[in-house]
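K.L.:
The following block contains a protein sequence and its predicted model.
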Amino acid sequence: DAKTTQPPSMDCAEGRAANLPCNHSTISGNEYVYWYRQIHSQGPQYIIHGLKNNETNEMASLIITEDRKSSTLILPHATLRDTAVYYCIVRVAVNNDMRFGAGTRLTVKP
Amino acid sequence: DSGVTQTPKHLITATGQRVTLRCSPRSGDLSVYWYQQSLDQGLQFLIQYYNGEERAKGNILERFSAQQFPDLHSELNLSSLELGDSALYFCASSVGSTAPTNSPLHFGNGTRLTVT
């Protein structure tokens, strides 16, 4: 199954865009990229997912490169409440389970 | 609110004991997933059920077992508990099983298990 690589931590100023990168160079053609976040010890929260095209919803935008080997999650106007661990996951097509890596700890600073 | 309900929220028990964690998926979701999150290991996938049948297995110990009932709720049974089993246990649900992979998982807020 495809693995992902994310930076362990990032900082962002409040009100600025937070751009979280993810590498998934071994992704297969039918595997989706998912983003989740976990605030403190709460359950992971679904943010967005995509296959090939860029996606946008009320929470964030997802930019996937044309070769699909990397993606970027964009939080357009980060707030202090966006401080969390962000997980980039490639969904395995065969059995549909979802395996989490270590994620990126995003700290939004005032 | 994700719509996934987990009970109990907290559980304290002694080594060697057996506990059962319960999960009610979102209305309409047929798949249930269980995850374990320890302080030093992140979120570990344990097992997945779809409409009552086991679909995928992850790092689940032999002392642990799960099942999904006809009403689609699921239970995770942990036996012969050890100190190292202390963790947050999350349940998630989604619509599909092997297809589509286009349906997100929605997580409950977990059960915090403390083994003393």
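P.N.:
Great, that's in hand.
K.L.:
Three-state assignment for residue B:84, please.
P.N.:
Of the three states, residue B:84 takes helix according to DSSP: H, G, I helix; E, B strand; the rest coil.
K.L.:
list the contacts for it?
P.N.:
By Cβ atoms under 8 Å, 6 or more residues apart in numbering or on different chains, residue B:84 lies in contact with B:38, B:115. From N, CA and C alone the C-beta is placed, and that goes for glycine too.
K.L.:
what ranges of chain B fall below the confidence cut-off?
P.N.:
B:40, B:97-101 (pLDDT under 70).
K.L.:
Against chain A, how distant is the spatially most central residue of it?
P.N.:
In chain B, the residue lying closest to the centroid (Cα atoms, centre = their mean) is residue B:34, at 2.8 Å. Residue B:34 sits 11 Å away from chain A, going by Cβ to the nearest Cβ, to the nearest Å.
K.L.:
near chain B, which residues of chain A?
P.N.:
With the criterion set to Cβ under 8 Å from any Cβ of the partner chain, chain A comes near chain B through A:30-32, A:34, A:38, A:41-46, A:49, A:51, A:87, A:91-103.
K.L.:
In helices only, show me those.
P.N.:
Nothing among these maps onto helices, per DSSP state H.
K.L.:
And for the residue of chain A found nearest chain B, the neighbour number?
P.N.:
In chain A, the residue that lies nearest chain B is residue A:43 (3.5 Å; Cβ to the nearest Cβ). Counted with other Cβ atoms under 10 Å in any protein chain shown, residues neighbouring residue A:43 total 23.
K.L.:
How about it, nearest residue that isn't a chain neighbour?
P.N.:
Among residues not flanking residue A:43 along the chain, residue B:107 sits closest, at 3.5 Å (Cβ to Cβ, 6 or more residues apart in numbering or on different chains).
K.L.:
ok now do that neighbour, which residues does it touch?
P.N.:
With contact set as Cβ under 8 Å, 6+ apart, residue B:107 has these partners: A:43-46, B:2, B:4, B:35, B:90-92.
K.L.:
so which of these comes closest to residue B:69?
P.N.:
Among the contacts of residue B:107, residue B:91 lies closest to residue B:69 (Cβ to Cβ), at 13.4 Å.
K.L.:
Double-check that the closest one belongs to a helix.
P.N.:
No - using three-state DSSP, the secondary structure at residue B:91 is strand, not a helix.
K.L.:
Contacts only, for it.
P.N.:
Counting by Cβ under 8 Å, 6+ apart, residue B:91 makes contact with B:4, B:6, B:21, B:23, B:25, B:32-35, B:74, B:76, B:107-108, B:110.
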